[in-house]
Structures are given as C-alpha cells and as structure tokens.
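Participant: Here is a sequence with its predicted model. Questions after.
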Amino acid sequence: MKVAHIITGLGVGGAEQQLRLMLRHLPARCDVFTLTAPGSVAEGILADGHRVTHLGMSGNLDATVMPLLVHLLREGRYDLVHTHLYRACLYGRLAARLAGVRAVVATEHSLGDDSIEGRPLTLGVRALYLASERLGSATVAVSDTVAKRLRRWGVPAARLHTVPNGIDARRFRFDPAARAATRRRLGIPEDTFVVGGVGRLVPGKHFETLVRAVAVLPDARLLLAGDGPERDTLHGIASALGALDRIHMLGECDGTVAPSGGGSWQVPDLLSAMDVFVSPSSDEAFGLAVLEALAAGLPALHVTCPAIDDLPSEQAPGARRIGTGVPELTALLCEYQKAGPVRLPVPAVVDRYDIARSAERLMAVYHAATGAPQLPATAPSAATPVPAPTSLPLTSR
C-alpha cells in the first residue's frame, strides 16, 4: 500500500513526533508532505528513509499550494491519503478528492473542549472542519475522549475510529548512567530533588503553575523540556521569584527515537534525571508525556490525561490526578521531596499503548478505507524515496 501523509508542519511537537514514530512501524510505503516549516522532525523522517516534500505554504489562506498538492498526489498514484492537524486536514482532504484518491483518512491529534491545537474553537472553525470531514473516508481520534468530542460536534459514529497514540517504551526505560550524566551536564548534584515537565510552552499547558510550585521548594530544581510563546513569561516568573538558577528551560527536545548525533537534549535522558513528573495541563487530547514518564518509572502527577483517566487505577498506580492550584501542587511535591527518590515498576498501561499495537489498528483503518483485505501484520520495511520534480522546494534523502 502506498500512502501520502499530509501534515501542517514538522517542527518538534506531539503530533509531528507521533507521525515519525508511527511511520517506523507501518507496513506501508509512505511519503510525507508538509505544508509549512519542515523543522527537525522532517530531518528525522528523512533519516528514517522516507521522502519529505515541503510545499512552502505561507499562511492559513494560502490556497496557491492546492494545484501543486493535487498534482503531486495524482502523480504519486497513492492508494490512500492520511492528513494530520487542522490546516492539513482542510487542504489535504480536498486535494485528495481533486486528485482522484478515494481513500482519505484524517487523524485528529489535538482537540480539546474549547480549543483545537491550542487555538480557540469558534463556530466557523467547527463548521469548516465538519464540511471538510465529509470529504474523507474516516476520521481517527487519538483517544476515546477526542472521539466523544467529535461525536458531539456531529461527526457520524460510523466514520470514527479510535487509534490511540503509541509509545516505544524501550526508549524511556530508567537509565542510571543517563541520570548521572544528565545531572552532571546540568550541574545538578546527585542528591538534589528534581521535578520535570515536557510539552509546548503555550498558555493551555499551564507550566506557570509548575514554575511557581517548584520555586518555593528549598533547593529543588525544575527541568522543563519544550519551547513556545510562553517561554519569556515563564522566565520572568522564575526571575521574579528568585528561582531562575533552579529552573532549567531546555528548549525543544526529542523523545521519538534514539539521537543520531549532536548535543540536543533527549527526553528519555531527562526523565531518568527527574524524581517526579508533573503535567499541569488542564485540557489534553491524550497525555503522551505522562505515559512516557510512567515508562521511565516516575511518579506522574497530572491534571488530566485521557489515556489513563478512564482506566482502573491498577493500570497506572504511579499516576496521580491533581487539581490546578499552586498550593496543592507545592504540598504534594514537598511530600515527594521528603520521601526521597524512588523508581516504580513500569505499569500495565504502558504496554496497553505500545506503538506496534497502534500501528496494527491504523492499518486496519487503512484496509477498511481502501477496501483491501486485512492481511496478517508484518514487520515494516524501509520506504523507497520517490523522485520529485526538481522545481519543487523538496527536502529528500
């Protein structure tokens, strides 16, 4: 099966990294088209052996990419088009239909109660989404929570499929050597209490709560992996509280696959260096960062995590749901600080979301959409790059 994946951008982000990880496990030949900014995830996808084409879209209303995208899809003779993220879903579904590709699948990665991909949901956004959705064959939700939200919007249940985000748990196993090396690199003594958080630095993630809570804990450190528009605000809060030297804002970090070189921070190494993980976000579509922390044996405090909130507590004994207030979080972190560091057994919920299982479920959606028979799962093979016209702004292996 030959599949074209269309995504809004390929900078470091949950949907982008999930696409790269999924491509490594899909037994299909896949090409990737990014409307905007290729970014570091594009480089990783190229290194994995897949072709990436940057379409150079300049803004939300730049419809000039449509003829080019239609041409590429038609020329590529794809069996299926799979779109990711709001803008790519709008343009990609229409382009696929114009190109004559009948099987069109879209994944909704980041839909909250009041926002989509961190932006406010308006009647216009919802109406446009629903109109576009009718052009597709199926819509994939990354959690049951997202599926329920889509049904409330009016997406027919028969067109909805839940394929949860996946995790390669082996990448996140606790590594004592990585813990020591990461702490040395950051100048953190071995006996120091370290709290951690991972995610985009945007208002909805509420990392200001985490910064304020850690700032009042004596000698505690915070490792914050991620970047975004709230970085300067968080920096200002830490400075005003006199804790700037204990708040480590590490920028974009990769947790998808093992590093190919360079000195950037890797999420698995940072998790090994932490003692407690906190997700203060109040609106999540899945909560992959919490699962990664649990895979590393960390206690994980979270405001919401759809991946585990509806499961029996014994599935994720290391996870603890918390409120949104700073005093509560501060008190809980103080308890963990006094108790000392501990590594927990990897809980059953981590195996539940193994990336290989998610890939099998996605392939079942592909087969249903194309009308192809469901074949036994096989090991994914490396993709063969397909030459493209030299006039394209193309990044390829």
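Facilitator: Perfect, thanks for sending it.

Participant: you'd agree Leu294 is up against Asp351?
Facilitator: No: if you go by Cβ atoms under 8 Å, Leu294 and Asp351 don't touch, sitting 10.8 Å apart. Placement of C-beta: from N, CA and C, glycine included.

Participant: Ser195: what secondary structure?
Facilitator: Not Ser; residue 195 is Val. Counting by DSSP: H, G, I helix; E, B strand; the rest coil, the backbone at Val195 sits in strand.

Participant: Next, count neighbours for it.
Facilitator: Val195 has 26 neighbours, counted by other Cβ atoms under 10 Å.

Participant: give me every residue that touches it.
Facilitator: Going by Cβ atoms under 8 Å, 6 or more residues apart in numbering, Val195 touches 210, 213-214, 217, 220-223, 274-278, 333.

Participant: what pLDDT, on average, does stretch 56-66 get?
Facilitator: Averaging pLDDT along stretch 56-66 gives 86.

Participant: should've said stretch 191-198
Facilitator: Stretch 191-198 shows a mean pLDDT of 97.

Participant: which of Leu294 and Asp351 has more neighbours?
Facilitator: Of the pair Leu294 and Asp351, Leu294 is the one with more neighbours under other Cβ under 10 Å, namely 32 against 13.

Participant: just for this protein, where's the confidence low?
Facilitator: Within the chain, the segments meeting pLDDT under 70 span 112-115, 117-119, 254-263, 372-397.

Participant: longest helix anywhere in it?
Facilitator: Assignment by DSSP state H gives helix 355-370 as the longest helix of the chain.

Participant: Can you give me the buried ones in it?
Facilitator: Ile355, Arg357, Ser358, Ala359, Glu360, Leu362, Met363, Val365, Tyr366, His367, Ala369, Thr370 (16 or more other Cβ atoms under 10 Å).

Participant: ok, and what's touching that helix?
Facilitator: Outside helix 355-370, the residues within contact range by Cβ under 8 Å, 6+ apart are 1, 3, 21-22, 24-28, 79-80, 82, 103-105, 137-138, 140, 161, 163-168, 372-375, 377, 380.

Participant: Just the ones of the residues you listed in strands?
Facilitator: If you go by DSSP state E, the contacts of helix 355-370 have Val3, Leu80, His82, Val104, Val105, Ala138, Val140, His161 in strands.

Participant: Quick one: neighbours of Pro327, just the number.
Facilitator: 11.

Participant: before we move on, the earlier item: name only those of the ones in strands among the contacts of helix 355-370 that count as buried.
Facilitator: Among the ones in strands among the contacts of helix 355-370, those scoring as buried are Val3, Leu80, His82, Val104, Val105, Ala138, Val140, His161 (criterion: 16+ other Cβ under 10 Å).

Participant: Does Ala220 touch Arg246 like I think?
Facilitator: Yes: look at Ala220 against Arg246 with Cβ under 8 Å: they come within range, at 6.7 Å.

Participant: Now for those two: what residues contact both?
Facilitator: Val214.

Participant: Same list (the buried residues of helix 355-370) but as CSV, adding distance to Gly204.
Facilitator: Compiled in CSV, those are given as follows (distance: Cβ to Cβ, whole Å):
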residue, distance to Gly204
Ile355, 25
Arg357, 28
Ser358, 24
Ala359, 29
Glu360, 31
Leu362, 27
Met363, 32
Val365, 28
Tyr366, 31
His367, 35
Ala369, 32
Thr370, 36
